[in-house]
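Visitor: Using only what follows, build the 3D model:
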Amino acid sequence: MITSKGEEISCEFVGLTAGVSPNVDFLRNTELKVNRGVKVDAFFQTNIPDVYAIGDCAEFENPPAVDRRTIEQVWYTGRMHGETLAHNLCKKPVPYQPGVWFNSAKFLDIEYQTYGTVPPTWNDAEVKSFYWEHSSGKVCFRMLMDQAGRILGVNNFGFRLRHEFFDQAIREKWSGEKVIAKLDKANFDPEFFAPYYLEIQKAFKAQFGGNFQPAKKSFIQKLFGASV
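Guide: Now for the predicted structure:
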């Protein structure tokens with residue numbers, strides 16, 4: 001592969017991702033208020049009475065939550081848009097409440113998940129970062145906390161964690177210590193996946209301390225020799 005700067009990169013596989021762009025050009029120059037997407041309020045109402053927009057083409061006037069963007073382009077938010085609008089058309093209208101941001105993806109055999117707020121860069125004076133990486137370089141875990149030690153968000157790569165665990169932890173503003181102490185409860189498949197949480201707990205305690213004991217392997221993990 002030759003880049004625009006003339007750099008040559010040897011490779012056997014190239015993946016290209018262009019993202020998602022709302023297909024709304026055909027609606028421009030109409031009565032509908034359109035920006036990047038069709039502008040809607042918290043009830044998915046456009047500027048025209050009884051006309052609504054949901055899914056990838058909808059653009060909120062204001063982000064629906066602190067850690068959300070005005071355009072949501074993942075599958076589960078589209079489902080939630082439809083559920084909320086259906087409720088509002090049939091019953092007493094309620095505003096869209098997406099909850100804690102999350103996304104989960106799998107590319108070939110690579111697991112990736114994000115919960116809450118984990119930007120690409122942050123101010124170390126405002127945010128505490130905990131990072132663990134497996135010796136293989138193919139599995140890692142990052143958790144960001146505020147200066148009071150409360151969880152802001154996590155990224156994990158190469159293994160899977162339970163959505164409901166982190167949804168609760170972030171909503172209830174658990175301390176990072178509490179999250180790590182209970183991390184065995186977040187393990188998605190403790191029987192057949194290596195128990196990475198054991199090493200994560202040890203690494204967190206070494207960096208931040210904490211009044212908890214790292215979890216122990218289950219009987220199944222010991223039986224099959226699952227290890228990090």
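Visitor: Verify the stated contact: R171 with G99.
Guide: Yes: with contacts counted by Cβ atoms under 8 Å, R171 reaches G99, the gap being 7.4 Å. For the C-beta atoms, the positions are set from N, CA and C on the backbone; glycine is no exception.
Visitor: mind listing what the closest residue to L144 other than its chain neighbours touches?
Guide: For L144, ignoring the flanking residues on the chain, the nearest one in space by Cβ to Cβ, 6 or more residues apart in numbering is L152 at 4.4 Å. With contacts defined as Cβ atoms under 8 Å, 6 or more residues apart in numbering, L152 is in contact with G116, T117, V118, V127, L144, M145, D146, I170.
Visitor: can we see that at 6 Å?
Guide: L152 sits next to G116, T117, L144, M145, D146 when contact means Cβ atoms under 6 Å, 6 or more residues apart in numbering.
Visitor: Same list, the residues you listed, but as JSON lines with pLDDT, distance to G15 and neighbour count please.
Guide: Conversion of the contacts of L152 to JSON lines gives the following (pLDDT from 0 to 100; distance: Cβ to Cβ, whole Å; neighbours: other Cβ atoms under 10 Å):
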{"residue": "G116", "pLDDT": "92", "distance to G15": "26", "neighbour count": "20"}
{"residue": "T117", "pLDDT": "87", "distance to G15": "26", "neighbour count": "18"}
{"residue": "L144", "pLDDT": "97", "distance to G15": "27", "neighbour count": "20"}
{"residue": "M145", "pLDDT": "97", "distance to G15": "32", "neighbour count": "21"}
{"residue": "D146", "pLDDT": "95", "distance to G15": "35", "neighbour count": "13"}
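Visitor: Please narrow those residues to those residing in strands.
Guide: Members of the contacts of L152 lying in strands (criterion: DSSP state E): G116, L144, M145, D146.
Visitor: From I2, how far out is S10?
Guide: 11 Å (Cβ to Cβ, to the nearest Å).
Visitor: more crowded one of those two?
Guide: Each of S10 and I2 has its neighbours counted (other Cβ atoms under 10 Å); I2 has more, 8 against 5.
Visitor: For this protein, just list every one of the helices.
Guide: Along the chain, the segments classed as helices by DSSP state H run 75-90, 163-171, 176-181, 197-208, 219-224.
Visitor: Mind checking the ones you listed for the one nearest to C140?
Guide: Across these, C140 has its closest neighbour in helix 197-208 (9.6 Å, Cβ to Cβ).
Visitor: tell me the average confidence for the closest one?
Guide: Averaged across helix 197-208, pLDDT comes to 93.
Visitor: Flag every buried residue along it.
Guide: When neighbours are counted by 16 or more other Cβ atoms under 10 Å, the buried residues of helix 197-208 are found to be Y197, L198, E199, I200, Q201, A203, F204, K205.
Visitor: Send me that helix as PDB with only the CA atoms.
Guide: Backbone C-alpha positions of helix 197-208 (Å, rounded to 0.1, in the frame of the first residue of the first chain) are rendered in PDB as follows:
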ATOM      1  CA  TYR A 197      -9.600 -10.100  35.500                       C
ATOM      2  CA  LEU A 198      -7.200 -11.900  37.900                       C
ATOM      3  CA  GLU A 199      -4.200 -10.000  36.500                       C
ATOM      4  CA  ILE A 200      -6.200  -6.800  36.000                       C
ATOM      5  CA  GLN A 201      -7.100  -6.800  39.700                       C
ATOM      6  CA  LYS A 202      -3.400  -7.400  40.700                       C
ATOM      7  CA  ALA A 203      -2.200  -4.600  38.400                       C
ATOM      8  CA  PHE A 204      -4.800  -2.200  39.800                       C
ATOM      9  CA  LYS A 205      -3.900  -2.900  43.400                       C
ATOM     10  CA  ALA A 206      -0.300  -2.500  42.600                       C
ATOM     11  CA  GLN A 207      -0.900   1.000  41.000                       C
ATOM     12  CA  PHE A 208      -3.800   2.400  43.200                       C
END
